[in-house]
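Sequence and predicted structure, then a few things I'm wondering about:
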Amino acid sequence: MNAVKKDQKFIFITGGVVSSLGKGLLSASLGSLLEAQDYKITLIKCDPYLNVDPGTMSPFQHGEVYVTEDGAETDLDLGHYERFTNAPLRRENSITTGQIYESVILKERRGDYLGNTVQVIPHITDEIKSRIKGAASDTSLGEIVIVEIGGTVGDIEGLPFIETIRQMRVDLGFKNTVFVHLTLVPYLSASGEVKSKPTQHSVKALREVGIQPDFLICRSEKAISNELKKKIALFCSVKEENVIAAPDVGTIYELPLFLQEEGFDQKIISRLSLQKRNSKMDIWKNIVSTIHQPEHSVSIGLVGKYVELKDSYQSIHEALVHGGVANKSRVLVKYIDSDALTKNNLKEKLEGLGGILIPGGFGERGVEGKIKAVQYVRENNIPFFGICFGMQMALLEYARHVCGIADADSGEFEEFRSKPIVNKVIDYMEGQSEGRSKGGSMRLGSYACHLKKDSLASAIYKQECIYERHRHRFEFNNKFKKLFEKKGMVFSGINKQKNLMEIVEIPKHPWFLGVQFHPEFQSKPLKPHPLFSSFISAALQRQVSCRSRLRRNNNSTDLMSFQT
Ligand code: GLN
């Protein structure tokens with residue numbers, strides 16, 4: 001079994017009452033606060049579902065799949081961890097029940113447990129423990145390890161993880177482990193009261209499985225009075241000063257500041273017998289004040305098919321906000337359902353926006369709406385940013401309407417077409433086999449991309465070679481490259497090793513860029529991604545010029561549609 005580094009500290013975060021309270025954001029915020037005191041941290045997410053990873057789940061079920069640099073398909077909370085902290089996350093930082101059982105059963109078949117009955121305790125719990133310690137010890141970082149347990153206390157499938165952290169308290173001792181429990185303190189409008197009972201029940205459920213929380217973080221839409229804190233402390237056997245209020249915040253980047261105001265970081269530090277250091281949070285304060293008091297405002301249309309669940313586009317949404325921060329601008333993201341886009345409503349839906357972004361996606365539904373959207377923005381000089389599937393849509397649109405290949409299509413849609421596709425402008429490339437199983441079969445993780453001199457991409461990145469993360473099966477088919485170039489498209493980013501087209505642009509257009517990778521995974525509030533900053537800047541310019549054009553025309557009704 002993996003060993004724990006001497007003096008390594010573990011903070012375990014659990015949640016109760018309801019899901020979606022923001023354990024991921026809490027873990028990430030605590031990480032940022034500890035880093036601001038120069039502590040080296042790492043974060044681990046434990047997901048109790050049986051999938052090996054979320055790669056095969058629908059975004060409607062799970063939200064976005066976040067890809068780490070080494071190509072692991074992980075839970076979207078890892079995205080929060082990377083945005084809020086500098087902890088380098090790898091495959092090992094994401095643990096699922098699926099992985100645990102897969103490896104225990106494999107070991108059993110190999111004969112590693114010969115003579116024994118293989119059981120949840122100790123075999124499954126030992127495997128979880130070993131993986132947590134492995135993820136914590138393999139890195140040179142990680143004086144403090146934050147471990148988030150997904151799901152809600154009381155879930156059957158989460159029990160082995162809770163049991164593991166109970167054992168880890170015994171193994172590592174009180175001063176090296178902390179239990180933080182995030183819970184809901186609901187406000188009942190009928191009685192005008194904030195209620196503590198659900199929290200009491202949640203702590204009771206935790207105690208039943210052997211865990212007494214050290215800290216309670218209470219989410220509430222209303223302020224929590226000292227009197228209520230006292231009551232929660234008494235009923236839950238938690239020190240009164242360790243009952244921390246976490247009110248709803250205007251922007252997620254405000255959460256670390258709120259927690260700091262409650263003294264959460266200092267209390268954790270002293271609870272772990274660590275040294276208090278000066279906290280450097282000024283840069284966070286600047287970001288929050290830019291978000292709250294922007295100088296400009298811009299609307300971006302996000303055309304996708306998973307728009308009902310905003311979690312599906314979490315990293316893109318955040319990267320747009322970061323691009324806004326870089327331009328001192330508020331970004332209003334308008335989610336547009338690609339399925340509902342028709343020739344007749346296109347103008348009405350897209351006209352007033354500063355820019356359009358088409359994100360990643362899978363499958364055939366909504367494709368024609370996306371292609372129509374690209375045609376509209378290309379022909380009307382509206383800034384366009386196509387990401388992964390979005391770039392593929394831009395290439396199909398260009399093939400059909402500029403290169404004269406009316407039946408241009410993607411190999412991904414073969415099964416939905418009545419006839420075999422003749423012109424596969426997007427297709428599987430050499431070495432990629434169609435017959436493989438779906439899980440983990442994509443081009444995943446970070447790859448090099450060389451930028452063409454004097455292109456928009458190289459002007460934005462200001463580098464010759466960049467590294468970006470991927471998650472896709474299909475590529476541009478190089479058979480069509482010459483024709484596209486003749487018709488004015490520039491392939492400005494190429495993976496030289498495999499001759500894969502990674503970035504496309506149209507120099508005649510004010511800002512038209514498609515990227516085969518996912519730049520959103522590397523954007524942070526403290527370090528906005530240059531592509532997003534540049535896109536927002538182009539969108540702002542368009543919106544300003546539209547406004548002044550309309551003012552000149554003195555058309556006050558139209559002006560309304562540009563107000564953000
Ligand atoms: N479905 C496309 C592919 O597999 C694009 C994937 C994506 O947008 N992440 O290539």
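Perfect, I can see it now.

Could you tell me which residues of this structure lie near the ligand?
Proximity of the chain to the ligand (C-beta under 6 Å from any ligand atom) is limited to residues 360, 361, 362, 388, 389, 412, 471, 472, 473, 474. Where C-beta positions appear, they are placed from N, C-alpha and C, glycine not excepted.

Taking those together, which two end up most distant?
Across those, no pair lies farther apart than 412 and 471, at 13.7 Å, counting by C-beta to C-beta.

so where's this protein shaky on pLDDT?
1-6, 138-142, 430-441, 550-564 (pLDDT under 70).

Select the longest helix from it.
Longest helix of the chain, by residue count under DSSP state H: helix 530-553.

Which residues does it contact?
Contacts with helix 530-553, where a contact means C-beta atoms under 8 Å, 6 or more residues apart in numbering, come from 296, 298-300, 319-320, 322-324, 326-327, 329, 331, 352-355, 357, 381-383, 385, 460-462, 510-511, 513, 515, 519-520, 523, 558-559, 562, 564.

if you set the cut-off to 7 Å instead, what comes out?
With contact meaning C-beta atoms under 7 Å, 6 or more residues apart in numbering, helix 530-553 is reached by 296, 298, 300, 319-320, 322-324, 326-327, 329, 331, 354-355, 382-383, 385, 460-461, 510-511, 519, 523, 558-559, 562.

and the residues you listed, which are buried?
Buried members of these, scored by 16 or more other C-beta atoms under 10 Å, are 296, 298, 300, 319-320, 322-324, 326-327, 329, 331, 354-355, 382-383, 385, 460-461, 510-511, 519, 523, 562.

Can you list the buried residues in the longest helix of the chain?
530-543, 546-547, 550.

any common contacting residues for residue 412 and residue 471?
With C-beta under 7 Å, 6+ apart, residue 412 and residue 471 have no common neighbours.

The longest helix of the chain: how far from the chain's middle?
27 Å (C-alpha atoms, centre = their mean, to the nearest Å).

pull the CA atoms of it into PDB?
This file holds the C-alpha atoms of helix 530-553, laid out as PDB (Å, rounded to 0.1, in the frame of the first residue of the first chain):
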ATOM      1  CA  PRO A 530      -5.600  34.500 -24.500                       C
ATOM      2  CA  LEU A 531      -8.000  33.100 -27.100                       C
ATOM      3  CA  PHE A 532     -11.000  34.000 -24.800                       C
ATOM      4  CA  SER A 533      -9.500  37.400 -24.000                       C
ATOM      5  CA  SER A 534      -9.100  38.200 -27.700                       C
ATOM      6  CA  PHE A 535     -12.500  36.800 -28.600                       C
ATOM      7  CA  ILE A 536     -14.200  39.000 -25.900                       C
ATOM      8  CA  SER A 537     -12.200  42.000 -27.100                       C
ATOM      9  CA  ALA A 538     -13.400  41.500 -30.700                       C
ATOM     10  CA  ALA A 539     -17.000  41.000 -29.500                       C
ATOM     11  CA  LEU A 540     -16.800  44.200 -27.500                       C
ATOM     12  CA  GLN A 541     -15.500  46.100 -30.600                       C
ATOM     13  CA  ARG A 542     -18.400  44.800 -32.600                       C
ATOM     14  CA  GLN A 543     -21.000  45.700 -30.000                       C
ATOM     15  CA  VAL A 544     -19.600  49.200 -29.600                       C
ATOM     16  CA  SER A 545     -19.600  49.700 -33.400                       C
ATOM     17  CA  CYS A 546     -23.100  48.300 -33.700                       C
ATOM     18  CA  ARG A 547     -24.300  50.600 -31.000                       C
ATOM     19  CA  SER A 548     -22.800  53.700 -32.600                       C
ATOM     20  CA  ARG A 549     -24.100  52.700 -36.000                       C
ATOM     21  CA  LEU A 550     -27.600  52.400 -34.600                       C
ATOM     22  CA  ARG A 551     -27.300  55.600 -32.800                       C
ATOM     23  CA  ARG A 552     -26.300  57.300 -36.000                       C
ATOM     24  CA  ASN A 553     -29.400  55.800 -37.600                       C
END
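
picking up where we left off before, quick one: which of the contacts of helix 530-553 sit in strands?
Using DSSP state E, 296, 298, 300, 329, 331, 355, 385 are the members of the contacts of helix 530-553 that sit in strands.

Now flag whichever of the residues you listed is closest to the ligand.
residue 385 (13.2 Å; C-beta to the nearest ligand atom).

how far away is the residue of the chain most remote from its centre from residue 124?
In the chain, the residue that sits farthest from the middle, by C-alpha atoms, centre = their mean, is residue 115; the gap is 44.1 Å. With distances taken as C-beta to C-beta, to the nearest Å, residue 115 is found 18 Å from residue 124.

ditto for residue 401
56 Å.

higher neighbour count, the two?
residue 124 (21 against 16; other C-beta atoms under 10 Å).

what's near enough to touch that one?
100, 104, 160.

What is the nearest of these to the ligand?
residue 100 (27.1 Å).

a helix runs through the closest one, doesn't it?
Yes: applying DSSP: H, G, I helix; E, B strand; the rest coil, one finds residue 100 inside a helix.

wouldn't it be in contact with residue 127 here?
Yes: Residue 100 lies in contact with residue 127 (C-beta atoms under 7 Å); the separation is 5.0 Å.

These two: who's more crowded?
residue 100 (25 against 21).

Now do the contacts for that one.
124, 127, 128.

try 8 Å this time
Residue 100 touches 124, 127, 128, 131, 160, counting by C-beta under 8 Å, 6+ apart.

do residue 89 as well
Here residue 89 is in contact with 42, 43, 68, 69, 74, 78, 81, 82 (criterion: C-beta under 8 Å, 6+ apart).

quick one on the thing from earlier: ok, the contacts of residue 100 vs the ligand, which is closest?
Looking across those and measuring by C-beta to the nearest ligand atom, the closest to the ligand is residue 131, at 27.3 Å.

send the alpha carbons of the helix or strand where residue 266 lies over as CSV?
Using DSSP states H and E, residue 266 sits within helix 264-271. Coordinates of each C-alpha in helix 264-271 appear next as CSV, following Å, rounded to 0.1, in the frame of the first residue of the first chain:
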residue,chain,number,x,y,z
PHE,A,264,-12.1,29.5,7.9
ASP,A,265,-8.5,29.3,6.6
GLN,A,266,-7.0,30.3,9.9
LYS,A,267,-9.1,27.9,11.9
ILE,A,268,-8.2,25.0,9.6
ILE,A,269,-4.5,26.0,9.9
SER,A,270,-4.5,26.0,13.6
ARG,A,271,-6.7,22.9,13.8
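
Tell me the helices and strands packed up against that helix.
helix 23-35, strand 215-220 (3 or more C-beta pairs under 8 Å, 6 or more residues apart in numbering; DSSP states H and E).

Output those as JSON lines; include the columns distance to residue 488.
Output for the helices and strands packed on helix 264-271, formatted as JSON lines (distance: least, C-beta to C-beta, whole Å):
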{"stretch": "helix 23-35", "distance to residue 488": "43"}
{"stretch": "strand 215-220", "distance to residue 488": "53"}
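
Highest mean neighbour count out of these?
helix 23-35 (a mean of 25; mean count of other C-beta atoms under 10 Å).

Show me the helices in the stretch 401-550 of the chain, by range?
With DSSP state H, counting those that start in this stretch as the criterion, the stretch 401-550 of the chain has helices at 456-461, 481-486, 530-553.
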